[in-house]
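Student: Build me a model from this:
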Amino acid sequence: MNYLNVCTPSDAETKEIASALARIPAHPHFAPDFEVSRGLSRMSDDLLAAGAGAQMKSTYAPPTARWVRVRKEFPDQAPFLNAQYSFSVTNDQVSETLVFRARDARELMQVSLSDSAISADPNTIAKSNTAADRIRIERFGKSSLVLARCPSGDQTKYESLFQTASSLLTTYRKALNVRTIVVTDLAKIPTK
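Tutor: Numbering: from 1, shown residues only. As a prediction, the model looks like this:
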């Protein structure tokens, strides 16, 4: 079993996270290929039975998530294949995730930047530049590296990584036209 120290990664892990973030193009240029999708997903009875929901199954409606995804491809010479942005809304939480899939996955497979807000208006979140609160690096043949905001403890030495991740989120929200696409497509998804 691997234990991930998400609040205070080691210096070597911090350098590897910084290196992965530095590989992401700061000024994205995309190929013409793209995809926009949206949907409504409901937690299955099997998943409910596996967790605390099993006791409430007969009286509790399964949680649902409304989501919108935007994916654009990078040109052939770029270090990453594509950038995929996901926006997900449940009853009490809004989550954003931006994933970059590496073209050559011998070392680095993907970089994921995310944030979430509880009891927030989805349209407000979609139109704002919320700060990244989680960075995840997937490596080939090795455990993941994760840095997450942790309310308890001093994370001052990681602030530059969070700032870089937040800046990338802001840049790619604009490049992927998230504000318009998410608000428009989210409105087309039934809430129940």
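Student: Where does pLDDT dip in the chain?
Tutor: Filtered on pLDDT under 70, the chain yields the residue ranges 1-4, 43-62, 192.
Student: List the buried residues of the helix ranked longest in it.
Tutor: Assignment by DSSP state H gives helix 159-175 as the longest helix of the chain. Across helix 159-175, burial judged by 16 or more other CB atoms under 10 Å covers 161-162, 164-166, 168-169, 171-173, 175. Bear in mind the C-beta positions are built from the backbone N, C-alpha and C, glycine included.
Student: Over to stretch 88-108?
Tutor: Residues of stretch 88-108 classed as buried: 88-90, 94-102, 108 (neighbour count, 16+ other CB under 10 Å).
Student: Determine how far the last residue of it lies from the first.
Tutor: 26 Å (CA to CA, to the nearest Å).
Student: which of the buried residues of stretch 88-108 lies closest to Asn5?
Tutor: Leu108 (19.5 Å; CB to CB).
Student: Return the residues in contact with the closest one.
Tutor: 20, 23, 102, 137-140 (CB atoms under 8 Å, 6 or more residues apart in numbering).
Student: Show me what the longest helix of the chain packs onto, helices and strands only.
Tutor: Judged by 3 or more CB pairs under 8 Å, 6 or more residues apart in numbering; DSSP states H and E, helix 159-175 is in contact with helix 11-23, strand 80-89, strand 93-102, strand 108-118, strand 134-139.
Student: gap between the first one and the chain center?
Tutor: In this case it means helix 11-23. A distance of 18 Å separates the centroid of the chain from that of helix 11-23, by CA atoms, centre = their mean, to the nearest Å.
Student: for stretch 82-96, same thing?
Tutor: That offset, for stretch 82-96, works out to 7 Å (CA atoms, centre = their mean).
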